[in-house]
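> Task: produce atomic coordinates for the following.
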Amino acid sequence: MACLHDHSCEDHDCSSDWSLYKHIDIPKVSALNEAVPGSVKSVFKAWEQRLSSSEGFLESNEGDPELIVFIPFTSDVKIKSISIVGGADGTSPIKMRAFINREGIDFSDAQSMQAVQEWDLAENLQGVLEYQTRYSRFQGVGNLTLHFPDNYGGDTSRIQYIGLKGEATQLKRDVVATIVYELMPNPSDHKTKSETGGGMSHVE
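You can find the predicted model right below:
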């Protein structure tokens, strides 16, 4: 489902709404079938820069419009909606499919796997549309993979902005891993009754 902004951006700080880009692990962002290696990193930027292509854009190889974008986060996030600004002349993606917390998805995987959610995309050249997620399914997202299988008839697919609206948890991903590890009992950390003289039993 796509919806228009229900307010004037002059009276509302849209940039703060779309600030999840600050929680994207940009160096680890990647794409499959990008014409210029590493160009996918340029599509994650502040909301007010969404229509600017001065820093580059993501484009597929000529004659093959399919794209996959892998987006890892520095902390778990909750995603409420997604905005895609594509290119003109038929190069905008026509469909988007999302997968959550699955690394290493290739085109064969994407075509055979059930997406968490799919959207039909409009040509959003002015960046005024956003696509709502099924919010309950987009909780605890450590990484997001977006699959764009086709476009509006152009020789290539072009994306100049991907925006994510939502919120991040306070815990960083590496901190969460440390906490989980510490919750696992280490027998060497627990003394037996004979060792301490108390009533503590050995933890199996």
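> And the helices in the chain, which stretches?
Per DSSP state H, the chain carries helices over the ranges 14-17, 107-112, 173-183, 193-196.
> mean pLDDT for those: which is lowest?
Lowest mean pLDDT of the helices of the chain: helix 193-196, a mean of 42.
> P65 is in contact with N151, isn't it?
Yes - here P65 reaches N151: they are 4.4 Å apart, a contact under C-beta atoms under 8 Å. For the C-beta atoms, the positions are set from N, CA and C on the backbone; glycine is no exception.
> so what sits against both of these two?
Common neighbours of P65 and N151, using C-beta atoms under 8 Å, 6 or more residues apart in numbering, are T91, P93, S157.
> Go through those residues and say which is closest to L129.
Nearest to L129, judged by C-beta to C-beta, of the shared contacts of P65 and N151 is P93 at 12.5 Å.
> which one is that closest one nearest to, not counting chain neighbours?
Excluding the flanking residues, the one nearest P93 by C-beta to C-beta, 6 or more residues apart in numbering is F148, at 4.0 Å.
> which residues does that neighbour form a beta bridge with?
Counting by DSSP bridges, F148 forms beta bridges with L67.
> And the pLDDT for it?
Per-residue confidence (pLDDT) for F148: 98.
> what's the distance between it and D76?
Relative to D76, F148 is positioned 24 Å away (C-beta to C-beta, to the nearest Å).
> How about E123?
As for E123, its distance to D76 is 32 Å (criterion: C-beta to C-beta).
> L146 contacts I100, correct?
No - using C-beta under 8 Å, L146 makes no contact with I100, being 10.6 Å away.
> Can you pick out the residue with more neighbours from those two?
The neighbour comparison of L146 against I100 (other C-beta atoms under 10 Å) goes to L146, with 23 against 18.
> residue contacts, the more buried one?
By C-beta under 8 Å, 6+ apart, the contact set of L146 is I68, V69, I71, I82, M96, R97, A98, I162.
> any idea of the pLDDT on the fifth one?
It refers to M96. Note on M96: pLDDT of 98.
> what's the answer for the last one, then?
Turning to I162, the model gives it a pLDDT of 96.
> next one: the one 10 residues further on
Taken from the predicted model, the pLDDT recorded for K172 is 63.
> Just the CA coordinates for stretch 144-160, please, in CSV.
Extracted as CSV, the C-alpha positions of stretch 144-160 are listed here (Å, rounded to 0.1, in the frame of the first residue of the first chain):
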residue,chain,number,x,y,z
LEU,A,144,16.8,-6.2,5.3
THR,A,145,17.1,-7.5,1.7
LEU,A,146,15.0,-5.8,-1.0
HIS,A,147,14.4,-7.5,-4.3
PHE,A,148,13.4,-5.5,-7.4
PRO,A,149,12.5,-8.0,-10.1
ASP,A,150,11.5,-5.7,-12.9
ASN,A,151,10.9,-2.1,-14.0
TYR,A,152,8.6,0.1,-16.2
GLY,A,153,10.2,-1.1,-19.4
GLY,A,154,13.6,0.6,-19.4
ASP,A,155,16.9,-1.1,-20.4
THR,A,156,18.1,-0.7,-16.9
SER,A,157,16.6,-0.2,-13.4
ARG,A,158,17.7,3.0,-11.6
ILE,A,159,17.3,3.9,-7.9
GLN,A,160,18.5,7.1,-6.4
